[in-house]
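J.: Structure for the following, please:
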Amino acid sequence: MANAFLFFLLLIFSSNIIFENIHACNQSERSSLLFFALTFPSRQLNWTSTGCCNWEGITCNQGGWITHLQLPSKGLKLKEDIFLSSSHGNLTHLTHLNLSHNSVSGSLDQSTGFFLSLNHLEVLDLSYNLLSGELYQLHSSNMLGI
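T.: Okay, the predicted model is just below:
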């Protein structure tokens, strides 16, 4: 009976560690997301907790790296003229980026450096925004569609 109780406690303790690790976000990526929130202000984003893997639209892998940034129809508007800059460049593990159906405007031409840093990007959806310019040199062989 005592062994079963100890096993149960060990199981609970280990599941808490795993749960915390899954939702512990990388600090440099968290900083990039906070900069993102300043660049694309929206009343609908409530990114205030410390664990950015629990934020709306954010998915992390087990290592705490952000893999999905999905914010369609969130009323995002660009605060400055540059769409995405190198300041957002810490999101290097992104596989999915969806900013569709917002009011994002600006030039994609100056954002090439950001997109080049996304070596794992598979899905990019920027549809139904007010963007201009072209994306050059997207080299990910995993890209499914733009």
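J.: So in that sheet, which strands flank the longest strand along the chain, and in what orientation?
T.: Secondary structure assigned by DSSP state E gives strand 66-70 as the longest strand of the chain. Using DSSP bridges, the strands paired with strand 66-70 are strand 58-60 (antiparallel), strand 96-98 (parallel).
J.: Hmm, Ser105 and Gly133 touching each other?
T.: No - using CB atoms under 8 Å as the test, Gly133 is too far from Ser105 to be in contact (11.0 Å). C-beta: built from backbone N, CA, C; applies to glycine.
J.: tell me which helix or strand of this protein sits lowest on mean pLDDT?
T.: Between all helices and strands in the chain, the lowest mean by mean pLDDT, DSSP states H and E belongs to helix 2-23, at a mean of 46.
J.: mind listing the strands for this protein?
T.: Under DSSP E, the chain gives strands at 58-60, 66-70, 96-98, 105-107, 123-125, 130-132.
J.: Give me the helices and strands touching the fifth one, please.
T.: Spelled out, that is strand 123-125. strand 96-98 (3 or more CB pairs under 8 Å, 6 or more residues apart in numbering; DSSP states H and E).
J.: what is the mean pLDDT for the strand it packs on?
T.: For strand 96-98, mean pLDDT is 95.
J.: And that strand, what's buried?
T.: Neighbour counts using 16 or more other CB atoms under 10 Å place His96, Leu97, Asn98 of strand 96-98 among the buried residues.
J.: contacts for that strand?
T.: With CB atoms under 8 Å, 6 or more residues apart in numbering as the test, strand 96-98 has contacts from 59, 67-72, 118, 121-126.
J.: repeat that with 7 Å
T.: Strand 96-98 is contacted by residues Thr67, His68, Leu69, Gln70, Leu71, Pro72, Leu121, Glu122, Val123, Leu124, Asp125 when judged by CB atoms under 7 Å, 6 or more residues apart in numbering.
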